[in-house]
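Peer 1: My questions are about this predicted structure, shown below with the sequence.
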Amino acid sequence: MNDDQSLPTFETPYSASWLDLTLATPPVLASGFAWSVSEDTTFSEHRLVQVCVGGAPPPGKRLTTYAHHQLLDALRNDRWFSQVSGADITSAEALDRVLHAFTQRYDNLYRRHLRPVRTRPTSKPWFTPELNVERLSVTAKRRRFQRARDLQMRAIFRRDNTTALAAYRQHIREARNAHLRGYALSSVHEYLFSKPFKEAFGRLRQCRCLPSLVGSDGTVTSTHLESAALLLRTQTAVDDPTTDDAVHLPTRELASAPYDTMDQDVPFTYSEVVDVLRSTPNKSAPGPDNISPVIMKALFHYHPRFFMMVFNAALPLGYFPRCWRTARVTFIHKPGRPAERTSSYRPICVSSVFGKTLKRLLNGRLQHQLERHALIHPRQYGFTRGRSSLLALHHLKDHLVRLKTQRMPAILMSLDFHGAFDSVWHPLVLRYFRECALPSSLYHLLRTFLEERSVFVQSHAGRADAHPTLGSPQGSPLSPLLWNVIIDSLLSLPMPPGVVVQAYADDTIILVLAPTRSALGDLASEVLRRVVSWSRTVNVLCFILPRRRGNGTSPPDGSPWPGRTFPHIERIPARSRRHLRPQRSCVRPTHKVLLYRQVLLPALTYASPVWWGECHVDCRSYARMAPPIDLELERINIEFRLFTLRKYVAFGSLRYCPDWVANPHSTKANHPAAPAIVPFTRLTSAQARAALRARAVQVYTDGSFTSKAAGAAYVIFAPPDRVLAVGRYRLLRATSAYSAEVVEFREALRHLIAARYFESALASPRNVEPHVLEIRALVRKLSRTVHVYLYHVPGHAGVFGNEVADFIAERAAHRGIEASLPLPFRAVRSQLRRELLVLWTARWREEHSRTELFRWIKDLRALPAYFTPPPSLVTLLTGHGRFPHYFVRFHLMRMPRCPCGSYSADMAHILHACAIRHLTRRE
């Protein structure tokens, strides 16, 4: 940064030098700088150097909380939405014009409500007045040293300055650490998993500028904008038709051919959009149009007709608006990768929340089409409903165990796809949906979404743009589905008998088996040839990961997998001890238990159904605040076998059959446009009594639940005073009043449909339990013939019909038609956790009945409210402290003689008989 024409920055009677600043980053150089060397007296050999980087920054603006409310009020009262809503949009250009006008109007209102950002104080809160006085003293000693000309005095002043500076730095370090420790403790007391927790475990991402990057030709970028442009060039996939082979031409020609179907998908519904917006996180980043999820939800609440008009215009037109195909790119550095390489960054696309809502609507329709026609491959375990990585590992383990039992040689190959999401070939995706007979409106909506996309990086130095024509944007709701479409052809690829191919997202493994080694090599070569041929057909690049040769590892004691180890079991405890040991005196016992349950236990038990078995239990200590790890592992494995594998299980005194537990994935989900909720009206007792006068068939339901029995009943009245039907049911295996409510409602609807006259679970769109889906289907079926009105009366005192139903439900709990409802997952997990405490209590009574703590805590199911207790109370409860009998236990004293003169055999003397501690006991 120094100018070679300026004065020397360092000059002595014998030499001179020009200091050069070499630590400037590209953003500093791009923002501009000024360098000057003055002749001011500094009482040293160095001249005064002044560096000014950039100019005065313009005052920033942001949307404050108050301005946010004002913006929402302005949007709610804007008449433009009511004027535009209901317009007949018949072309793509008209839709683009409407959205362009909306964007301009919103942008004007948004900028109008921005408020200047107040300059925040730059002083450090830990910098005390005492440190300021010490800083002035150190500065004075430094100047005295610089002004000294006598060599002997200069050496003395140098020593004083060095000593004072070292002490000053140490005091600053202590003050800063004390402040950070206090801030961390206060934050942790409010919420354990706050910023200090994320910082300690490396979960807090720091904002960083792009450094200088090395291009493929060896050149180095010099500015932030050049680095961004280089990343866009290297990581933006472009489809080049000139490189197509003969196998690619039919696919590309078919994708560009016209496509039209007679059957079209139904328009988007209000409940469908509400469900999508409800699942959108509020903390998602706003897109280029500055519309945050909170503002989007408020806008849809204020002007639903406008948004339904836009969405239902895009669907029949088969047109994804152009303004929503532009995304802002943020590059995230991959941990442990060299910062100067372009491959060390992952691009994340941030698009408009408005457009992302349409993407989620399209994704729901496409996913329904795939599930409806059973097009999702059964060996794809990623991004699919009801499957997981744990299930994939379990099936792979079953194959390997069977091969080991049969002593069959096998090879396990792993495929690594280079840039999986960035290699999605658009013509292949369109061809796949053509062959699936996708409605043309959805097809063209997807096609226009993939066409003419653009991404950009914006900074203070300018803007860099790119236009990808290959792949799907990372962060888009459609990206997982599109990749499943690409890899479906690999999973369906004809393979030799016995070859197993399965995938979890883009992680694919191939298991090849043969009776001899020579046959195994030939078969593996044939499989690889087919995989390479497939990769050329679909335009993806994959690598075969061979097994590294090395010294064999001895399995741990009792391991069911000889030759295989699970390093995370040893790595996680060591890492946890390294992080938590310095914080042992700062973290409360309650927080330690919470950290164990929510952080350490899930990490330790990850994929435990694959590697854990009951034959190798090693849990030596049961005196702890958390259940033993072997019981936790057994409970987790029981849940996996019951919920996922649907097998009979036993845990302690509990027994479960798969038919007793609900299976949300047993039935196919309804069309996304179908109402996800059943609306009802809440009435007071007076309103319910007034509704009795209505001339209609009235159905009253109620349930009764106790810990011993449960019953459900319904009563159907017809005007004026005629009872049409009465039903009462005794519930088997009921776990809550929720079960009684569902049974009573379901049976009443079944009776209404069969007789042909004519809540909480119904109001939750995320509830996909089979019985709830059945109730929704029954309500829709009944609504096709008669008008159905649902009411909920919380307090039904004085309502004749509800009182009759309540009376019958109480009797039905003991005498009625037997009915059952599948147990929900939450109820089963609660029962398993209670049984775990029972088993832990049995071990506790068997192993530790002679301990001091057992006198206070005999049943772990009823721990006191003050647990986890403070350290002082732990000392009294356990007897581990400076007590005579404790010293005798470790041979530190010969006799357990108390300072009061008596013998102290246990804590009973300390708590009740010791004369010295009498005053302490009174306090």
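Peer 2: Received the coordinates, thanks. Numbers count the residues shown, from 1 in each chain.
Peer 1: contact partners of the longest strand along the chain?
Peer 2: In the chain, with assignment by DSSP state E, the single longest strand is strand 722-732. Residues outside strand 722-732 that contact it (Cβ atoms under 8 Å, 6 or more residues apart in numbering): 697, 709-718, 739-740, 743-744, 747-748, 751, 755, 757, 808-809, 811-821. For every residue, glycine as well, the C-beta is placed using N, CA and C.
Peer 1: Just the buried residues from those, in ChimeraX please.
Peer 2: Of these, the buried ones go into a single ChimeraX selection, burial set by 16 or more other Cβ atoms under 10 Å:
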select :710,711,712,713,714,715,716,717,739,740,743,744,747,748,751,808,809,812,813,816,819,821
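Peer 1: In helices, which of the contacts of strand 722-732 fall?
Peer 2: Cross-referencing these against helices under DSSP state H gives 739-740, 743-744, 747-748, 751, 755, 808-809, 811-812.
Peer 1: Then Asp263 would be within a helix, right?
Peer 2: No - counting by DSSP: H, G, I helix; E, B strand; the rest coil, Asp263 is not found in a helix; it is coil.
Peer 1: Could you list everything Gly703 pairs with in the sheet?
Peer 2: Beta-bridge pairing for Gly703 (DSSP bridges): Ala712.
Peer 1: ranges for the helices of the stretch 351-500 of the chain?
Peer 2: 353-372, 389-406, 426-435, 440-450, 479-491 (DSSP state H, counting those that start in this stretch).
Peer 1: between the fourth one and helix 353-372, how many degrees?
Peer 2: Relative orientation of helix 440-450 versus helix 353-372 (axes from the mean of the first three to the mean of the last three Cα atoms, to 10 degrees): 130 degrees.
Peer 1: if we can go back for a sec, please identify which of the helices of the stretch 351-500 of the chain is closest to Asp522.
Peer 2: helix 389-406 (18.2 Å; Cβ to Cβ).
Peer 1: returning to that earlier point: could you dump the helices of the stretch 351-500 of the chain to CSV with mean pLDDT?
Peer 2: Formatted as CSV, the helices of the stretch 351-500 of the chain follow (pLDDT from 0 to 100):
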stretch, mean pLDDT
helix 353-372, 93
helix 389-406, 92
helix 426-435, 94
helix 440-450, 95
helix 479-491, 92
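Peer 1: Any chance of TSV for these, columns mean neighbour count?
Peer 2: TSV is the format used below for those (neighbours: other Cβ atoms under 10 Å):
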stretch	mean neighbour count
helix 353-372	21
helix 389-406	15
helix 426-435	20
helix 440-450	21
helix 479-491	21
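Peer 1: and the longest strand of the chain, average pLDDT?
Peer 2: Averaged over strand 722-732, pLDDT sits at 86.
Peer 1: Now do stretch 311-319: everything it contacts.
Peer 2: Outside stretch 311-319, the residues that touch it by Cβ under 8 Å, 6+ apart are 89, 91-92, 95, 264-265, 267-268, 273, 320-321, 357-358, 361, 440-445, 447-448.
Peer 1: make it 7 Å
Peer 2: 89, 92, 95, 267-268, 273, 320-321, 358, 361, 440-441, 444-445, 448 (Cβ atoms under 7 Å, 6 or more residues apart in numbering).
Peer 1: Distance to Ile295 for the helices of the stretch 351-500 of the chain - can I get that in JSON lines?
Peer 2: Listed next are the helices of the stretch 351-500 of the chain as JSON lines, based on distance: least, Cβ to Cβ, whole Å:
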{"stretch": "helix 353-372", "distance to Ile295": "8"}
{"stretch": "helix 389-406", "distance to Ile295": "36"}
{"stretch": "helix 426-435", "distance to Ile295": "32"}
{"stretch": "helix 440-450", "distance to Ile295": "23"}
{"stretch": "helix 479-491", "distance to Ile295": "25"}
